[in-house]
Structures are given as structure tokens and as C-alpha cells.
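Student: Here's my sequence, what's the structure:
(one chain, ligands or ions: 2)
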Amino acid sequence: MAIIQEKRTKIIDLLHTDQLGESVVVKGWVRTFRNNQFIALNDGSTLENMQAVIDFSATDEQLLKRINTGACIAVKGELVESKGKGQSVELVVSEIEILGDADAEKYPLQPKRHSLEFLREIAHLRVRTNTFSAIYRVRHIMIFAVHKFFTEKGFYNIHTPIITGSDAEGAGEMFRVTTLDAVNPPKNESGDPDFSEDFFGKETNLTVSGQLEVETACLALSDVYTFGPTFRAENSNTSRHLAEFWMIEPEMAFYDINDTMELAEEFVKYLVSYALQHCTKDLEFLNRRALDEEKNKPQIERSELSLIERLKFVANNDFEKITYTEAIEILRNSKPNKKKKFQYLIDEWGADLQSEHERFLVEKHFKKPVILYNYPKDIKAFYMRQNDDNKTVAAMDVLFPGIGEIIGGSQREERYDELMVRIDELGIPQEDLDWYLDLRRFGTAPHSGFGLGFERMIQFVTGMTNIRDVIPFPRTPDNAEF
Ligand code: ATP
Ligand code: MN
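Tutor: Numbering: from 1, shown residues only. Ligands and ions are numbered 1, 2, ... in the order given. Next up, the predicted model:
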């Protein structure tokens, strides 16, 4: 029987096994082939390769030539204790089959370090590197941890729509969803495209946030969350923005802003601890990788803590909680502000904080994650609950080292009259929000929620500095390849 038809064992299950001496089948992709004898085989089940040692009598010249980096093979052999260092067991190969050739001349991934920029251009193949397979495994474990955390707390996962008919989500520029002819759309009397003839009979967009819709479930199921893709057509070419990203948005009935800050802190600490416990091998690899990268940076830009130290630090230390007003005082009196080193100088209460300010607070001033709360109402969304000072709203942002804002949230304005005042002040057409206002008309309740950008969390956990490297196929301005 050809080995392709035989049941294979995953490498992760063989590395710490008591199957020594047994005959096993392993299938995977060749990472390296040394001295016509040693194959490093990887099947993605773990970072580690299986060393497959070829017994010369077992094979022929023609076959050996086809064991190239990138080729897919199946090997059968006896599992023995390894004599080489770096692995516990190895496979003494008795049979080998090429399942998929990889032309050594043409295969773009060679066993050497490629730049992240180059790898982005071959995003369909980069998952075959140690770095990206580690990142994608961590990403999966984090998705699981999100659902585990909320399930254990009695939250229900709600799927909110991806195509939205509500244009008051207010979190950013939207992508239009239409089936109208782009070149020659039907026109209305004033000569504009006639969206009543569009697929949904109205204008629709891709969602920028599931919050408004998930609030409906909150006011019935109490504790809920959405975890889905969100889309923002903002033209921000930064290392922290994607046009398509995933967001986790819990919404809790009877929580005030303080309860919400507590939950946000507990949640991110849980995710970080979960990664430390369940992604050990991959994090050790990413830690070494980050240390290597650091060596190329000037001394002052190097971080004081390694990746794993940073994760432990966040998991084990309390976040700093300060009001926006206190933050402005600190920033106003800070060295970079006085020496005009900030690109945006802080001189007045009411200024919107830029990422340089957020990072100063986190990385230089407090040296730990910071939760800022009670922001000026003018720089925040209409649905945030107004405080008694009439100037601020019960909003909060969680700021992380190296990342800046990782979570944004608030207590929601549950009072109908107060909410209407803000809707009027901001000139939002009431008809668009009528269903949302029903939540305040019928059985309204204090409630709060926040949004965690999943990719920013993965950036933090993996130590990757560019958000394009923590999602399989990044969408950014001018780039929707694959
Ligand atoms: P920023 O100020 O960093 O652009 P925001 O204030 O617009 O973010 P929110 O609307 O509060 O973001 O969204 C909640 C969370 O979603 C943010 O805290 C962040 O983690 C994440 N996020 C927002 N925009 C993006 C984006 N374009 N790409 C990836 N993640 C994002
Ligand atoms: Mn925000």
C-alpha cells in the first residue's frame, strides 16, 4: 500500500511519545534537506520539525533529488531516540513518497531569513515559515480563549450583521455595499444614484462596529458579545490600522464604567496568561525572534523587557487608571511637550490624544498599561453616557505599550432625553436611529461595553510590530491582493 493512503501521525503527537520503536507515518513539508540524509519535516502541528533520517539502501538518486525545500512528502519509518541535539526523537526512514514537488529554482522560500516586507508579497506562502505558522497558531489559541473567557462568565455570543443598513455607527469611514452599476447607476430626480433600486432598496455598508446591534441583545440576555470582522475605509497607512480587522465587543447590562474597566483589565490579562500557558513553544520562538530584531535597533529604541517578560508583566500587574483630565496635566508638563518634541503639542483641555501621547503615558511615564477614562464629550461618540459635569462622558480607553489604544469603550447613555439631545447636537437624522431609540423607550437599563481590536491584541502577544503580519491576508489602502 502506498504510504499516502496510510494514516499519519501529527508531529506534535510524536515528539513527546512513548511510541519509540514503533513504525509510524509522517506527512508534511520539507524545510531543509542536509547531506542527502537529514530531512527537517514540518506539518504545522507544532513549531518543531521532525528529523527524518534516510537510510541509503532505502532510496534512489532520482528520489533524493526531489526532496527539496517546500516539497510535500510522506515518510514511513521507525521512531527512535535522537542522537542529534535539538530534538528528542527522530524517524529512521524506510519508505518515502513525494506527494508534491517544489522546484528548488522557483520556490520563493529558502531556508534563510526573509524580510517581512518580502513575505507580505507572498502571503499565500508565508504561513510556511516558522514566524507565520507560530503567529497563526497563537491567533487560533487566542480566538478560543476569547470564547472560553466569555462562556465561563455566562456571556452569549451574538452574530451582528456584517452588511449594515445603519449609517450612524459613527466609528469611521465606511465601505459601500452595492449591486448598482458603478459606471451607469440608475439616477433619481436630482441626478444622484438611486439607491431605492439597489439590492436592499437602500444604501448599505460594511459594518464598522457591531455595538449598536449587540446592544439590542444586551437588553434581553444581559451579558453578550460579538466577535466579527469590521471594516474601516480610513486612509491610515500605519502599523496599527487595517481596513478589515476583527473586533470583540462585549456589552453588559447593569455595568457602569468602573465595572467595565475592571472587566476589560481582567479580559486582556486572561488572554495574555492563556497565551503564556498554551503557546509556550511558539512564544519562546517569537521571543527569540524579537530579541534578534532588537539588536538591529539603536539602543534608545530597544525595549527594557523581552516579549515574554512584557507578557508576564501585563498579566501580573495592575493597570494604571487615570482620568483624561489628569492625563492632560501630565502631558502638558511632560518633557517632550515642553521641549516641543511632540508632533501635536498639548496645551488645552479638550485636545484629542494622539498615539504619541498615549505611548508617552504608557511607555515613559507609568511604564505599564493605562486606562484613561472620562473624556471630553466633544471628542467621543453620541451614545456615550454624559457625566454630571456636563463636559465629559463615561468613556474609557485601554492603552498598551508598543501599541497605544487596544480597547475603546464606554457606559452607554441609557436616558432617552439625554441621548436625544446629543443626537440633535450632532445632527444625526433621528429616523436612522429609531430602532436604537426603542431600546431607551422600552425597558431601558444602565449598560456598558467595549471593543477590543483582535489584531492589536495579537500584535501585543506575538511582539510583531506591524499589524499586517498578524492577519493572514491584510487589507490596507491600495492592497487587496489574494
Ligand atoms: P484608533 O484611534 O487607534 O484609530 P479608534 O478609536 O478609531 O482607534 P474604536 O472605534 O474605539 O477605535 O475601535 C475599538 C478598537 O478597535 C480599538 O481600540 C482598536 O483596538 C481597534 N481598531 C480600531 N480601528 C482599527 C483598525 N483600523 N485596524 C485594526 N484595529 C482597529
Ligand atoms: Mn477608540
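
Student: hey, let's count contacts and neighbours off CA atoms from now on
Tutor: Will do.

Student: Wasn't L311 part of a helix?
Tutor: Yes. Counting by DSSP: H, G, I helix; E, B strand; the rest coil, L311 is located in a helix.

Student: shouldn't it be in contact with V461?
Tutor: Yes. Checked against C-alpha atoms under 8 Å, the pair L311 and V461 is within contact range at 6.9 Å.

Student: Mind listing the shared neighbours of those two?
Tutor: Residues touching both L311 and V461 by C-alpha atoms under 8 Å, 6 or more residues apart in numbering: V272.

Student: So which bits of this structure are right by ligand 1?
Tutor: Applying C-alpha under 6 Å from any ligand atom, we find that the chain lies next to ligand 1 at 171, 232, 240-243, 245, 405-408, 451-453, 456.

Student: so where does the residue nearest the centre of the chain fall, helix or strand?
Tutor: Geometric centre of the chain, nearest residue: E455, 1.6 Å, by C-alpha atoms, centre = their mean. Here E455, judged by DSSP states H and E, is contained in helix 454-462.

Student: what about the strands in the stretch 251-400 of the chain?
Tutor: Assigned strands in the stretch 251-400 of the chain, in chain order: 320-323, 370-376, 392-400 (criterion: DSSP state E, counting those that start in this stretch).

Student: in this structure, which spans are helices?
Tutor: Along the chain, counting by DSSP state H, helices occupy 11-15, 61-65, 116-121, 130-152, 211-221, 257-278, 280-295, 307-316, 324-332, 335-338, 355-359, 416-425, 434-441, 454-462.

Student: closest to G44 out of the ones you listed?
Tutor: helix 130-152 (6.8 Å; C-alpha to C-alpha).

Student: quick one: P193 and D181 touch, right?
Tutor: No. Using C-alpha under 8 Å, P193 is not in contact with D181; the gap is 9.7 Å.

Student: neighbour count winner among the two?
Tutor: Neighbours were counted for P193 and for D181 using other C-alpha atoms under 10 Å; P193 has more, 17 against 10.

Student: The nearest residue to the more buried one once chain neighbours are set aside and ligand 1: what is the separation?
Tutor: In this structure, P193 finds its nearest non-sequential neighbour in K187, 4.5 Å apart by C-alpha to C-alpha, 6 or more residues apart in numbering. Noted for K187: a distance of 33 Å to ligand 1, by C-alpha to the nearest ligand atom, to the nearest Å.

Student: doesn't D194 make contact with K187?
Tutor: Yes. K187 is in contact with D194 according to C-alpha under 8 Å; the separation is 4.8 Å.

Student: Neighbour count: the two, which is higher?
Tutor: Counted by other C-alpha under 10 Å, K187 and D194 do not tie: D194 has more neighbours, with 17 against 13.

Student: The more buried one is in contact with D181, isn't it?
Tutor: No. Counting by C-alpha under 8 Å, D194 does not reach D181; the two are 10.9 Å apart.

Student: circling back to that earlier point, so which of the strands of the stretch 251-400 of the chain is the most packed in?
Tutor: Using mean count of other C-alpha atoms under 10 Å, the stretch among the strands of the stretch 251-400 of the chain with the greatest mean number of neighbours is strand 392-400 (a mean of 26).

Student: Residues contacting that one, please?
Tutor: 257, 261, 264, 358-359, 362, 368-377, 380, 384-387, 405-412.

Student: Now with 6 Å, please.
Tutor: 369-377, 384-387, 405-411 (C-alpha atoms under 6 Å, 6 or more residues apart in numbering).

Student: now the strands of the stretch 251-400 of the chain in TSV, with mean pLDDT?
Tutor: Formatted as TSV, the strands of the stretch 251-400 of the chain follow (pLDDT from 0 to 100):
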stretch	mean pLDDT
strand 320-323	98
strand 370-376	98
strand 392-400	98
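
Student: which stretch among those comes nearest V272?
Tutor: strand 392-400 (12.4 Å).

Student: So what angle separates the directions of that closest one and helix 257-278?
Tutor: 10 degrees (axes from the mean of the first three to the mean of the last three C-alpha atoms, to 10 degrees).

Student: low pLDDT regions in the stretch 1-150 of the chain?
Tutor: Scanning the stretch 1-150 of the chain with the threshold set as pLDDT under 70 gives 1, 56-59.

Student: Would you map the strands across it?
Tutor: Using DSSP E, counting those that start in this stretch, strands in the stretch 1-150 of the chain cover 23-34, 38-42, 50-54, 72-81, 89-100.

Student: Reformat those as JSON lines; add mean neighbour count.
Tutor: JSON lines is the format used below for those (neighbours: other C-alpha atoms under 10 Å):
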{"stretch": "strand 23-34", "mean neighbour count": "21"}
{"stretch": "strand 38-42", "mean neighbour count": "23"}
{"stretch": "strand 50-54", "mean neighbour count": "24"}
{"stretch": "strand 72-81", "mean neighbour count": "21"}
{"stretch": "strand 89-100", "mean neighbour count": "20"}
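
Student: For T462, grab the count of nearby residues.
Tutor: 29.

Student: re the thing from before, now the buried members of the residues of the chain next to ligand 1.
Tutor: Neighbour-count burial (16 or more other C-alpha atoms under 10 Å) is assigned, among the residues of the chain next to ligand 1, to 232, 240-243, 245, 405-408, 451-453, 456.

Student: Turn the residues you listed into JSON lines, columns for pLDDT.
Tutor: Shown next, in JSON lines, are those (pLDDT from 0 to 100):
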{"residue": "R232", "pLDDT": "95"}
{"residue": "R240", "pLDDT": "95"}
{"residue": "H241", "pLDDT": "96"}
{"residue": "L242", "pLDDT": "97"}
{"residue": "A243", "pLDDT": "97"}
{"residue": "F245", "pLDDT": "98"}
{"residue": "E405", "pLDDT": "95"}
{"residue": "I406", "pLDDT": "97"}
{"residue": "I407", "pLDDT": "98"}
{"residue": "G408", "pLDDT": "97"}
{"residue": "G451", "pLDDT": "98"}
{"residue": "L452", "pLDDT": "98"}
{"residue": "G453", "pLDDT": "98"}
{"residue": "R456", "pLDDT": "98"}
